[in-house]
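> I'll drop the sequence and a predicted model, then ask my questions.
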Amino acid sequence: MILVTGATGSIGRHLVHQLPGADVTAFVRDPAKGEALGCPYVVGDLDDPDSVAAAMKGVDRVLLNAGGAQPAEGEQPMVRQQRTVIDAAAAAGVAHVVKVSVWHAREGGRLAEGAHWVIEEHLKSSGLDWSILQPSGFMQNFRTGAAVFTEDGHLLGAYGDSRVSYVDCSDIAASAAALLTGDPRHGETFVLTGPEALTHTEIAAKLSAVAGREIRYVDLPAAAFATRLTALGLPVGFAEDVATLFAQVADGRLAPTTSAVADLTGHPPRGFDDFLRDNAETIRRSWSE
């Protein structure tokens, strides 16, 4: 049986529907959201180790995916939560774990980059067989605007004119499905990108065409961006970390594209225009004002 953590998120929702006929169970906190998935589910909380251990009964494969970086003192909560899943999987004799990480996870990295490195190292030392997916930024972040920084309906950032090879979450899910149901590619790490890299000015223009109004990308120096994020309500330290990561992206570190999605799934990754077309109604409604 496959246990999918983060099942109600941007990747998990796609994954449970890409495993037709597979013995799959979603791990959810909210029973109503579990019902909405339309697949078997168990209710638990990654901060409750007993519920995680109980969910591992009969499980032989796990999709490890949960949460993003959040304002927190000390260690990111995702580290504790995903360690709990890894330890429970090892205790239950799970055969394989597919972890969704982040591109450029590294020791000492800010926020998610550092947290995912710690989790990856814990997984590698757990005795479990594993494979790791390191996706670029998610196209779905632009679906409603709730997952990107905006002001007066426009995109804010500190990317300069650098390009980012955003990937569709459905392709991340398809890559995970391939590893969970086919060749697990034990011990391998895959960087997942879309087929093209776009500037945020280009993304704003594409969003404008769908939304029916002008959406601009407002680029700021990293320090000014951090100040603007603080004014929007983020804690100072978190805002500074976010701005630093954005400035690092401005150096082009998320611009390359890879063939990993096609290599794993047998089909090319979806482009940004494909994403916009399939989400046009939501984008139009969310970005129209």
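Done, it's in. On a predicted model such as this, the values are computed, not experimentally measured, just so you know.
> please enumerate the strands of this protein.
Taking DSSP state E as the test, the strands found in the chain are 2-4, 24-28, 41-43, 61-64, 96-100, 129-135, 150-151, 154-157, 189-192, 217-219.
> now the end-to-end length of stretch 181-190.
Its start and end residues considered, stretch 181-190 measures 17 Å (CA to CA, to the nearest Å).
> just the mean pLDDT for it, thanks.
For stretch 181-190, the mean pLDDT works out to 96.
> with stretch 207-219 instead?
Computed over stretch 207-219, the average pLDDT equals 95.
> same check on stretch 8-16?
Stretch 8-16 comes out at a mean pLDDT of 95.
> any idea which of the strands of the chain has the lowest pLDDT on average?
Taking the mean pLDDT of the strands of the chain, strand 150-151 comes last: a mean of 85.
> list of residues touching it?
156, 218, 228, 232 (CB atoms under 8 Å, 6 or more residues apart in numbering). C-beta here means a position set from N, CA and C on the backbone, and glycine is covered the same way.
> so what strands line up beside it?
Here strand 150-151 has these sheet partners by DSSP bridges: strand 154-157 (antiparallel).
> now do the partner strand: everything it contacts.
Contacts of strand 154-157 (CB under 8 Å, 6+ apart): 148-150, 200, 203-204, 207, 215-220, 225, 228-229, 246.
> between the strands of the chain, which one is nearest to residue 239?
In terms of CB to CB, the element of these nearest to residue 239 is strand 154-157, at 11.6 Å.
> wait, residue 243 sits on residue 223?
Yes: Residue 243 is in contact with residue 223 according to CB atoms under 8 Å; the separation is 7.1 Å.
> need the max-distance pair from the contacts of strand 150-151.
Every pair of the contacts of strand 150-151 checked by CB to CB; the farthest is 218 and 232, at 12.8 Å.
> how near is residue 174 to residue 122?
Using CB to CB, to the nearest Å, residue 174 is found at 26 Å from residue 122.
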